[in-house]
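[1] Below are the sequence and a predicted model; questions follow.
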Number of protein chains: 2
Amino acid sequence: MPRTHISAETDRTDLTITREFDSLREHVFRAFVDPVLYVRWQGPRRLTTRLEFFEPRTGGSYRTVQTDIDGSLHAFHGVYHEVSAPERIISTFEYEGLPERGHGVLDATSFEALPGGRTRVTVHSAFLSVEDRDGMLHAGMEEGLDEMYEQLDELLRELS
Amino acid sequence: MPRTHISAETDRTDLTITREFDSLREHVFRAFVDPVLYVRWQGPRRLTTRLEFFEPRTGGSYRTVQTDIDGSLHAFHGVYHEVSAPERIISTFEYEGLPERGHGVLDATSFEALPGGRTRVTVHSAFLSVEDRDGMLHAGMEEGLDEMYEQLDELLRELS
């Protein structure tokens, strides 16, 4: 059973991702904003992640370039609407591999401290159209997230 | 009949605003990014608009403070995900008067040149919840937009 839960109602433009981590909220949050940690868990394992720029603060920007095993590149970029440690990050996201520009997404990521030193991460994504959202869902999003968050689990075990 | 059209399907998190202007696309776009012009048409007429900062470029930020006739203040802020003159602006928006932070909105504004020197502006807004969207709709959004765009009509007549 996958540990990552994705909720996406039909004919809507939003979706919600929920995942729990066996680590303190401060550590989980740090893995989202520390560039050295961040590149270690982004994307499926076969991709290598490089940050062209990474400014995880309110008003900052980022651009991430990932190299696949066949050498092909995948890039995405966005801006940070809000970074409030250790509880919330609101940022935009746009995958540069789409046929045209203009398909931005708004992601609100919240970090909730749970009993027993655990943390629940909830990502609420608002897309500009149902097609944009469903395109992301059908591009293997669930499997990609599972593998990405497994890498984050491994990293968090090192931090604790 | 209001000249501003708002489309918002039940139980969805997005909405679309459409408005045509009797002015060239370059002029309409300029009114969205020139600070001197921008403050002249923002909000209903009774409000006076001041820009704390205003950086309408990809990666820029803004914060706008409006003063009502009774002296009360309304502020909102956000970041620019993309500014591509003269066709598209994608930015975030958050009204600071809400009881809590975290209710950002993603706005994709497109500027389409029409025959006869006219321009169609389409604003597609992606909210993080149905409640966030409906709250904005029920706060007198339609009347506010009508009056705001009438002021923009007047400004555009001066520019042409």
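    It's in. Numbers count the residues shown, from 1 in each chain, chains lettered A, B, ... in the order given.
[2] From now on I want contacts and neighbour counts done on CA atoms only, so please keep to that.
    Noted.
[3] Just to be sure, A:His27 is in a helix?
    Yes - counting by DSSP: H, G, I helix; E, B strand; the rest coil, A:His27 is located in a helix.
[4] List the contacts of it.
    Residues counted as contacts of A:His27 (C-alpha atoms under 8 Å, 6 or more residues apart in numbering or on different chains) are A:156, A:159-160.
[5] Closest one of those residues to B:Leu137?
    For B:Leu137, the nearest member of these is A:Leu156. The distance, counting by C-alpha to C-alpha, is 42.3 Å.
[6] quick one: contacts for the nearest residue to the closest one once chain neighbours are set aside?
    Using C-alpha to C-alpha, 6 or more residues apart in numbering or on different chains and skipping residues adjacent in sequence, the residue nearest A:Leu156 is A:Ser23, 6.5 Å away. When the contact criterion is C-alpha under 8 Å, 6+ apart, the partners of A:Ser23 are A:117-119, A:156-157, A:160.
[7] ok, and A:Ser23, which helix or strand is that part of?
    Element membership for A:Ser23, per DSSP states H and E: none, as it lies in no helix or strand.
[8] Chain B versus the nearest residue to A:Pro35 once chain neighbours are set aside, what's the distance?
    Leaving out its chain neighbours, the residue that sits closest to A:Pro35 by C-alpha to C-alpha, 6+ apart is A:Phe54, at 7.1 Å. For A:Phe54, the distance to chain B equals 12 Å [C-alpha to the nearest C-alpha, to the nearest Å].
[9] what's the answer for A:Trp41, then?
    24 Å.
[10] Check the burial of that residue by counting its neighbours.
    Summarising burial for A:Trp41: neighbours were counted as other C-alpha atoms under 10 Å in any protein chain shown, giving 23.
[11] among the contacts of A:Ser23, which are in strands?
    Using DSSP state E, the members of the contacts of A:Ser23 that fall in strands are A:118-119.
[12] Contact residues of chain A facing chain B?
    A:11-14, A:59-61, A:78-82, A:88, A:90, A:92, A:102, A:104-106, A:108, A:124-129 (C-alpha under 8 Å from any C-alpha of the partner chain).
[13] how about the longest strand seen in chain A: buried residues?
    Within chain A, and with DSSP E defining each element, the longest strand by residue count is strand A:73-84. Within strand A:73-84, the residues that count as buried by 16 or more other C-alpha atoms under 10 Å in any protein chain shown are A:75, A:77-83.
[14] do the same with stretch A:82-102
    A:82-83, A:86, A:88-96, A:102.
[15] can you give me the strands for chain A?
    All strands of chain A, identified by DSSP E, fall at A:5-7, A:14-21, A:48-54, A:61-67, A:73-84, A:88-95, A:105-114, A:118-127.
[16] roughly how far out does the helix ranked longest in chain A sit from the chain middle?
    Of all the segments assigned as helix in chain A under DSSP state H, the longest by residue count is helix A:141-159. The chain centroid and the centroid of helix A:141-159 are separated by 11 Å under C-alpha atoms, centre = their mean, to the nearest Å.
[17] what pLDDT, on average, does that helix get?
    Averaging the model's pLDDT scores along helix A:141-159 yields 93.
[18] ok, residues contacting it?
    Helix A:141-159 has contacts (C-alpha under 8 Å, 6+ apart) with A:2-4, A:6, A:21-23, A:27-28, A:31, A:37, A:40-45.
[19] a markdown table for the buried residues of stretch A:82-102, including pLDDT and distance to A:Glu112?
    Formatted as a markdown table, those follow (pLDDT from 0 to 100; distance: C-alpha to C-alpha, whole Å):
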| residue | pLDDT | distance to A:Glu112 |
| --- | --- | --- |
| A:Glu82 | 98 | 16 |
| A:Val83 | 98 | 15 |
| A:Pro86 | 98 | 9 |
| A:Arg88 | 98 | 9 |
| A:Ile89 | 98 | 12 |
| A:Ile90 | 98 | 15 |
| A:Ser91 | 98 | 18 |
| A:Thr92 | 98 | 21 |
| A:Phe93 | 98 | 22 |
| A:Glu94 | 98 | 26 |
| A:Tyr95 | 96 | 27 |
| A:Glu96 | 97 | 31 |
| A:Gly102 | 95 | 32 |
